[in-house]
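Visitor: Fold the following, please.
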Amino acid sequence: MTTWLITGCSSGIGRGIAKAVLKNGDNAVVTARDISTVADVIKDYPDTAISVALDITKKESIANAVKAAEDKFGGVDILVNNAGYGYRSSVEEGEEDSVDLLFDTNFFGPIALIKQVLPNMRTKKNGAIINVSSIAAARSGVGSGYYAASKAALELMTDGLSKEVAPLGIKVMIVEPGAFRTKFYDTSLKGTQKQIEDYAGTAWKTRKENIVDKQDQPGDPDKAGEVIFETIQKENVPKRLLLGTDAVNIVSAEMKERLQEIEDWSAISSQTDF
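Guide: Below is the predicted model of the structure:
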């Protein structure tokens, strides 16, 4: 039986993945900072689910989560790095400690967890790693530069990782969700306290305190969980799995714009060769 370790299961897509995994009969290590938030997810699966407290920014906590998976199920077959949060600030207003914590959570934490599970996956010549990113990695916006940068870093690291472990029998997939009805704009969104008046017309419009979450986003987290579960079973998985029609439209438009810019400037770009 396949064992999944999923981070960030208290709500949203992580929760949706955990529900899909358990419904389909696999084992799940369901993690959250506060395990009381996932008690309802695992209550009907005493033999195939455990909840583990995990702070993705603490290496000891990461090691304990992986050990719990090994003790209960013999190891991790599929790792899902889903835990993360948003941060709204202009680049200039960004607070150093807050940005450091953002990258510890969205980038360095997932790397530490990957390093914990890879030795066992390499030994078995089998396994899968799923890193949940965002369409922000393809197209940033005002006030989202730091968040987008953390997700872009995650994606490019993942791109390199996939090439390194493919010959070892390990699958790697990036997930790029669009807008989903989660707590992203609530408890999963942080923001700067600094204020520079010159950004009132741009970055201030997307500050945390100026956002009203109407919970009218098109994405269904439970459906996302099912799609991710089904896709990773395939022999050939996509490098990047977009989730949602909004994600398809936004990323497609961005790629077309990039290609057009390359074409428009190719004559000048080509002038630097010897």
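Visitor: so what's residue 177 up against?
Guide: Counting by Cβ atoms under 8 Å, 6 or more residues apart in numbering, residue 177 makes contact with 13, 132, 134-135, 219, 224, 242-244, 247. Quick note: C-beta positions are derived from backbone N, CA and C, even for glycine.
Visitor: Surely residue 73 touches residue 29?
Guide: Yes. Counting by Cβ atoms under 8 Å, residue 29 is a contact partner of residue 73 at 7.4 Å.
Visitor: Mutual contacts of the two, please.
Guide: Taking Cβ under 8 Å, 6+ apart as the criterion, residue 73 and residue 29 both touch residue 3.
Visitor: Neighbour count for the two, which is higher?
Guide: More crowded of residue 73 and residue 29, by other Cβ atoms under 10 Å: residue 29, with 28 against 21.
Visitor: my read: that one touches residue 72, true?
Guide: Yes. Here residue 29 reaches residue 72: they are 7.4 Å apart, a contact under Cβ under 8 Å.
Visitor: anything in contact with each of these two?
Guide: residue 50.
Visitor: Might one say that residue 1 is in contact with residue 22?
Guide: No. Counting by Cβ under 8 Å, residue 1 stays clear of residue 22, with 11.6 Å between them.
Visitor: any shared contact partners between those two?
Guide: With Cβ under 8 Å, 6+ apart as the test, residue 1 and residue 22 both reach residue 48.
Visitor: between the two, which one's more packed in?
Guide: Taking other Cβ under 10 Å, residue 1 and residue 22 do not tie; residue 22 has more neighbours (19 against 9).
Visitor: got the end-to-end distance for stretch 3-11?
Guide: 20 Å (Cα to Cα, to the nearest Å).
Visitor: try stretch 47-57
Guide: 29 Å.
Visitor: Quick check: buried residues in it?
Guide: By neighbour count on 16 or more other Cβ atoms under 10 Å, the buried set for stretch 47-57 is 48-52, 54-57.
Visitor: And stretch 19-39, by the same measure?
Guide: Within stretch 19-39, the residues that count as buried by 16+ other Cβ under 10 Å are 19-22, 26-32, 35, 38.
Visitor: Would you map the helices across the stretch 1-150 of the chain?
Guide: Per DSSP state H, counting those that start in this stretch, the stretch 1-150 of the chain carries helices over the ranges 12-23, 39-42, 59-73, 96-103, 109-124, 145-165.
Visitor: ok, the helix or strand just after the last one: who's next to it in the sheet?
Guide: Spelled out, it's helix 145-165. Downstream of helix 145-165, the first helix or strand assigned by DSSP states H and E is strand 170-177. Sheet pairing for strand 170-177, assigned by DSSP bridges, gives strand 127-132 (parallel), strand 240-243 (parallel).
Visitor: Could you look over those and pick the most buried one?
Guide: strand 127-132 (a mean of 24; mean count of other Cβ atoms under 10 Å).
Visitor: what's the spacing between that strand and its chain's center?
Guide: How far strand 127-132 lies from its chain's middle: 10 Å, per Cα atoms, centre = their mean, to the nearest Å.
Visitor: what does it rub up against?
Guide: Applying Cβ under 8 Å, 6+ apart, the external contacts of strand 127-132 come out as 13-14, 76-82, 84, 110, 114, 117-118, 120-121, 154-155, 158, 161, 165, 169-175, 177, 228, 232, 237.
Visitor: Do I have it right that residue 39 meets residue 45?
Guide: No. Between residue 39 and residue 45 there is no contact under Cβ under 8 Å: 11.6 Å.
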